[in-house]
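Undergrad: whatever this is, show me its structure:
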Amino acid sequence: MARRPAVDMNTKKTEMVALLMQQPNFAACWEVFDAVPTPFWVCEYSIVTLEHVCALPTFPTVMEVTAIAGQLLNAVVFLDCHRLAHPVLSAENVLAMPDGVMKIAEPEVCKPQRSYTKLPKNTHQVGDILSLLTTKSTKNFKSSESLQPTQYDCERYPPAGLDFFASCYTRTAADLVQHEFLSVNWHPEELTALVAVAGFVVHRFFGFSEHIST
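TA: Coordinates of the predicted model:
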């Protein structure tokens, strides 16, 4: 297995990944191992993902959801502009960095969009992620019920916010970044506390698991 820097590999996929690395909301790829049957990509990593944020017992604030949505949609706009699609864009695949920047993992799996007429799938996937951030349904171990009643965090959002969530399934990312809901002056720094809390929970969980296993 030969080790070669990504910038030295003259392939379409490498050129695509290099292109995506120009957008700050995609994970950086540092190296590529020329393995068989497919290359092995060494990319930026974070132990905290949006899936961990969604699993927190409290809902994120409206401004935190706005900052997450704005970053994800900026990345999707970049994909759409280059006729690319990320087939596995999900909360689990979005890295939550300590500085509040959201980074989509596995940029190497992106592919050319097959259809030029229908709404790109990635906009739907952002809508699914936002639904997870504003919905909670967990197991209830203290009663015979298998699940607690689903909680929806809708009352705190203005009408523009509710319209924005619904529009993720009917409008393009380019339209959504101009939506009134994202017109506030949001910054990634709004998410540093939220990511820190999720990171604390993750570390406590793994620490507890290691203690049990020993």
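Undergrad: tell me how far the residue sitting nearest the centre point of the chain lies from Asp128.
TA: In the chain, the centroid-proximal residue (Cα atoms, centre = their mean) is Val94; its distance is 3.0 Å. Going from Val94 to Asp128 by Cβ to Cβ, to the nearest Å gives 12 Å. Glycine gets a C-beta too; all of them are placed from N, C-alpha and C.
Undergrad: same check on Ser90?
TA: Taking Cβ to Cβ, one finds Ser90 at 7 Å from Asp128.
Undergrad: more neighbours: which of those two?
TA: Each of Ser90 and Asp128 has its neighbours counted (other Cβ atoms under 10 Å); Ser90 has more, 16 against 13.
Undergrad: I figured that one hits Ser131, correct?
TA: No - counting by Cβ atoms under 8 Å, Ser131 is not a contact partner of Ser90; they are 11.6 Å apart.
Undergrad: residues contacting Leu176?
TA: If you count contacts by Cβ atoms under 8 Å, 6 or more residues apart in numbering, Leu176 has them with Leu73, Thr123, Phe164, Ser167, Cys168, Leu182.
Undergrad: quick one, phi/psi of the closest residue in space to the last one that isn't next to it in sequence?
TA: Spelled out, it's Leu182. Once flanking residues are discounted, Leu182 sits nearest to Gly70: 5.2 Å by Cβ to Cβ, 6 or more residues apart in numbering. According to degrees, to the nearest 10, the main-chain angles of Gly70 amount to phi -60, psi -40.
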